[in-house]
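**Student:** Make a model of this:
(one chain, ligands or ions: 3)
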Amino acid sequence: MDCSGLLPSSRLFFYQNSRVLSSQLTSTRRRTRTFAALGGDCAASVTKDHSMMKIPHVLTVAGSDSGAGAGIQADLKACAARGVYCSTVITAVTAQNTVGVQGVNIVPEEFVAAQLKSVLSDMQVDVVKTGMLPSIELIKVLHQSLREFPVPALVVDPVMVSTSGDVLAGPSIVSGFREDLLSIADIVTPNVKEASALLGGMQLATVADMYSAAKLLHNLGPRNVLVKGGDLPDSSDAIDIFFDGEDFHELRSSRVKTRNTHGTGCTLASCIAAELAKGSSMLSAVKVAKRFVETALDYSKDIVIGSGPQGPFDHLLRLKSTSCHSYRPDAFSPSDLFLYAVTDPSMNKRWGRSVTDAVKAAIGGGATIIQLREKDTDTRDFLEAAQACLEICRPHGVPLLINDRIDVALACDADGVHIGQSDMPAHVARTLLGPNKIIGVSCKTPEQAQQAWIDGADYIGCGGVYPTNTKANNLTVGLDGLKTVCLSSKLPVVAIGGIGISNASAVMKLNAPNLKGVAVVSALFDRECVLTETKKLHAVLTEAKQMP
Ligand SMILES: Cc1ncc(COP(=O)(O)OP(=O)(O)O)c(N)n1
Ligand SMILES: Cc1nc(C(=O)O)sc1CCOP(=O)(O)O
Ligand SMILES: [Mg+2]
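**Tutor:** Residues are numbered from 1 along each chain as shown. Ligands and ions are numbered 1, 2, ... in the order given. Down below sits the predicted model:
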């Protein structure tokens, strides 16, 4: 639904420009990849043809953290890690370390206005991201500057309290956010405490409360809302609720056990801004950002900086990792394996649907990853189908993998491949695909699982858990075989073979280590309504996951 007719004029400007942004930046995105591959800033300076090269640009309007874990410093590092240029407007200078905040010096309004003018009047900013805005007056200054120099998108991180519990903006700031910023924000990213403050003290104790808060916050005007549940007690996952005004998405990542969480909120919002600047859809930007934070926290969980209770983490891990198991920023999150839909051309033909309709319906029902297993399809048709399916998957942030055909994956820039023991060896696929693509390998034994890990795979598919008619002469390993492989695997595992609504729960309740989800073909695609069957399977898996 297009509601732009109902919006105040300044908001209309943001909307129109946001729409332009993604198409404008499609070509920029490709250049960004080359830019990153060549090694960041140097690539720009060695460009020989001097043709105009627009680099995605985020302006952060936030406070300085002397300890450099959060604030402006986190934003700069996050944008650098995501390959995006970042300019800075400093609203306050804090004396801060891993113990807490020792002092705050607010920058005078006129000087914040001067910084905003300097950047916005000269540079082509794609996204403004806000952090610490310590007074209502500063919010008004920002609002006025954005009227004068409109930008394509605005990410509002409503910072009020630091991770150490120190107050960075008083309660009166809430009215500033509500009156001047939320109505022009493309996304607002409060944690539960901030969401509660923005909603007048509403109690937020459960995931259900987060859903209600997301809806209520959306009513205040932002185009999208992300309520972050990292502070909710009693949850093994970090659960965030994303709401775009029509659909909710429950986004999960594993909760990393570490003291080094200072600056996660700033980093997440900056990553969202960076991905938007590169041309991503909002949901995809949020998913990539969440994955980046999870990976950076995991990478940094044991580092020691400072002696206080809240340490910073390391944003620039990518520059330091060299092994084939090193961090790959755009790759893969194990939670993607939750509901893995694998297509089959003969089944889709039997039910009179195209592969694109099948993929659309599977995603609509909650599939978290798609594999195109188009056996016996002509290469040209396979490539066309893959390109069309990528257009469907990308806006939803759902990875698309290609079965067997590395050439097809390379040709359409798919997110990765799934290969078996008689396909190309995984280490060769890794060499061909590079570090940023997802590689899954079929394994029936612990030895194969070990080899997949050595070869640089991202996950393994283990089956057949039950007998199947979909793959001829397939060896059934059973639940016991699955458990044995899961116990030995260093990689996340997805179970496959004869799995459907009636037995998915039994598979998940094995509670085998590393088992992240189920992969299914016939239970989704050899049915009349893919959407209904996917929704049913999603519900079964969600319930099984919640069982102790
Ligand atoms: C998720 C997943 N697991 C296993 C397979 C089987 O792959 P492979 O052994 O290469 O057999 P084919 O699918 O190529 O017949 C899979 N496709 N996906
Ligand atoms: C493609 C495939 N691989 C398997 C393995 O055991 O590695 S079983 C399988 C077919 C899975 O189809 P369905 O969900 O219809 O049983
Ligand atoms: Mg294969």
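**Student:** Skipping adjacent residues, who's closest to the residue in the stretch 101-250 of the chain positioned nearest to ligand 1 in space?
**Tutor:** Per Cβ to the nearest ligand atom, D237 is where the stretch 101-250 of the chain lies closest to ligand 1, at 22.3 Å. Yep, even glycine has a C-beta here, placed from its N, CA and C like the rest. Among residues not flanking D237 along the chain, R252 sits closest, at 4.4 Å (Cβ to Cβ, 6 or more residues apart in numbering).
**Student:** Quick check: bridge partners of the one you found?
**Tutor:** The residues listed as beta-bridge partners of R252 by DSSP bridges are I239.
**Student:** Compute the first-to-last residue distance for stretch 485-500.
**Tutor:** 21 Å (Cα to Cα, to the nearest Å).
**Student:** any residue of that stretch up close to ligand 1?
**Tutor:** Yes - judged by Cβ under 6 Å from any ligand atom, stretch 485-500 and ligand 1 are in contact via V494, I496.
**Student:** Just the buried residues of that stretch, please?
**Tutor:** 485-486, 488-489, 491-500 (16 or more other Cβ atoms under 10 Å).
**Student:** just stretch 382-395 next, same as before
**Tutor:** Buried residues in stretch 382-395 (16+ other Cβ under 10 Å): F382, L383, A385, A386, C389, L390, I392, C393.
**Student:** Can you list the helices and strands that the longest strand along the chain packs against?
**Tutor:** When the chain is parsed with DSSP state E, its longest strand is strand 85-96. Other elements packing on strand 85-96 under the criterion 3 or more Cβ pairs under 8 Å, 6 or more residues apart in numbering; DSSP states H and E are strand 57-65, helix 71-81, strand 101-106, helix 109-122.
**Student:** Just the CA atoms of it, as PDB, please.
**Tutor:** Taking C-alpha atoms only, strand 85-96 is exported to PDB below (Å, rounded to 0.1, in the frame of the first residue of the first chain):
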ATOM      1  CA  TYR A  85      32.200   5.900   3.600                       C
ATOM      2  CA  CYS A  86      31.200   7.500   6.900                       C
ATOM      3  CA  SER A  87      31.200  11.200   7.800                       C
ATOM      4  CA  THR A  88      30.500  12.400  11.300                       C
ATOM      5  CA  VAL A  89      28.600  15.100  13.200                       C
ATOM      6  CA  ILE A  90      29.500  15.100  16.900                       C
ATOM      7  CA  THR A  91      26.700  16.000  19.300                       C
ATOM      8  CA  ALA A  92      28.500  15.400  22.500                       C
ATOM      9  CA  VAL A  93      31.900  14.400  23.800                       C
ATOM     10  CA  THR A  94      31.800  11.700  26.500                       C
ATOM     11  CA  ALA A  95      34.600  10.700  28.900                       C
ATOM     12  CA  GLN A  96      33.900   7.000  28.900                       C
END
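**Student:** Alongside ligand 1, which residues does this protein contribute?
**Tutor:** Residues of the chain lying near ligand 1 (Cβ under 6 Å from any ligand atom): 340, 342, 371, 373, 403-404, 418-420, 423, 440, 442, 461, 471, 494, 496, 519.
**Student:** same thing but at 8 Å, please
**Tutor:** Within the chain, the positions adjacent to ligand 1 are 340, 342, 371, 373, 375, 403-404, 418-423, 440, 442, 460-463, 471, 494, 496-497, 519 by Cβ under 8 Å from any ligand atom.
**Student:** which stretches of the stretch 301-450 of the chain aren't confidently modelled?
**Tutor:** For the stretch 301-450 of the chain, applying pLDDT under 70 flags the ranges 318-331.
**Student:** in it, what residue is nearest ligand 1?
**Tutor:** G420 (2.0 Å).
**Student:** Name the nearest of the buried residues of stretch 485-500 relative to G434.
**Tutor:** Using Cβ to Cβ, L491 comes nearest to G434 of these, at 18.5 Å.
**Student:** quick one: what helix or strand has the closest one in it?
**Tutor:** L491 belongs to no helix or strand when assigned by DSSP states H and E.
**Student:** List the residues that contact it.
**Tutor:** Residues near L491 by Cβ atoms under 8 Å, 6 or more residues apart in numbering: A449, A452, W453, A457, D458, Y459, I460, N514.
**Student:** sorry, back to before: so is the residue lying closest to the residue of the stretch 301-450 of the chain closest to ligand 1 once chain neighbours are set aside in a helix, a strand, or just coil?
**Tutor:** Take G420 and drop its neighbours on the chain: the residue closest to it by Cβ to Cβ, 6+ apart is S442, 4.1 Å away. At S442 the chain is in strand, as set by DSSP: H, G, I helix; E, B strand; the rest coil.
**Student:** correct me, but S442 touches Q421?
**Tutor:** Yes - look at S442 against Q421 with Cβ atoms under 8 Å: they come within range, at 6.2 Å.
**Student:** Among the residues of the chain next to ligand 1, which lie within helices?
**Tutor:** Using DSSP state H, no member of those falls within helices.
**Student:** all helices of the stretch 201-350 of the chain, in order?
**Tutor:** Assigned by DSSP state H, counting those that start in this stretch, the stretch 201-350 of the chain shows helices spanning 207-219, 264-278, 282-299, 317-320, 345-350.
**Student:** Worst mean pLDDT among these?
**Tutor:** Note on the helices of the stretch 201-350 of the chain: lowest mean pLDDT is at helix 317-320, with a mean of 59.
**Student:** what's the closest non-adjacent residue to the residue sitting nearest the centre point of the chain?
**Tutor:** Nearest to the geometric centre of the chain sits K287, at 1.6 Å (Cα atoms, centre = their mean). Closest residue in space to K287, ignoring its immediate chain neighbours: G397 at 3.9 Å, by Cβ to Cβ, 6+ apart.
**Student:** Likewise for H249?
**Tutor:** H249's closest residue in space is F242 (Cβ to Cβ, 6+ apart), at 4.3 Å.
**Student:** how close does that neighbour get to A273?
**Tutor:** Using Cβ to Cβ, to the nearest Å, F242 is found at 15 Å from A273.
**Student:** Those two: which is more packed in?
**Tutor:** Each of F242 and A273 has its neighbours counted (other Cβ atoms under 10 Å); A273 has more, 34 against 23.
**Student:** who touches the more buried one in this structure?
**Tutor:** By Cβ under 8 Å, 6+ apart, the contact set of A273 is V58, T60, C79, V84, V127, V128, K129, A153, V155.
**Student:** ok, now M282?
**Tutor:** Per Cβ under 8 Å, 6+ apart, neighbours of M282: D186, I187, R223, N224, D244, I272, L276.
**Student:** Please indicate which of those residues has the highest neighbour count?
**Tutor:** I272 (33 neighbours).
**Student:** And the residue of the stretch 101-250 of the chain that's closest to ligand 2?
**Tutor:** For the stretch 101-250 of the chain, Cβ to the nearest ligand atom, closest residue to ligand 2: E250, 24.8 Å.
**Student:** what about that residue, neighbour count?
**Tutor:** For E250, using other Cβ under 10 Å, the count is 15.
**Student:** The one 3 residues further on now?
**Tutor:** Taking other Cβ under 10 Å as the criterion, the count of residues near S253 is 21.
**Student:** Isn't it up against A289?
**Tutor:** No - look at S253 against A289 with Cβ under 8 Å: they stay out of range, at 10.5 Å.
**Student:** can you map out the strands along the stretch 401-548 of the chain?
**Tutor:** 416-419, 438-443, 459-462, 493-496, 515-520 (DSSP state E, counting those that start in this stretch).
**Student:** of all the ones you listed, which lies closest to ligand 3?
**Tutor:** Nearest to ligand 3, of all these, is strand 416-419, at 5.6 Å by Cβ to the ion.
**Student:** picking up where we left off before, please identify which of the contacts of M282 is nearest to M53.
**Tutor:** L276 (19.2 Å).
**Student:** Spit out the contact partners of that closest one.
**Tutor:** Residues in contact with L276, defined by Cβ under 8 Å, 6+ apart, are L21, D126, V127, A153, V155, D186, M282, A285.
**Student:** wait, does stretch 356-369 contact ligand 2?
**Tutor:** No - Stretch 356-369 does not reach ligand 2 (Cβ under 8 Å from any ligand atom); its nearest approach is 12.8 Å.
**Student:** If you count neighbours, what's buried in that stretch?
**Tutor:** Under 16+ other Cβ under 10 Å, the buried positions of stretch 356-369 are A358, V359, K360, A361, A362, I363, G364, G365, G366, A367, T368, I369.
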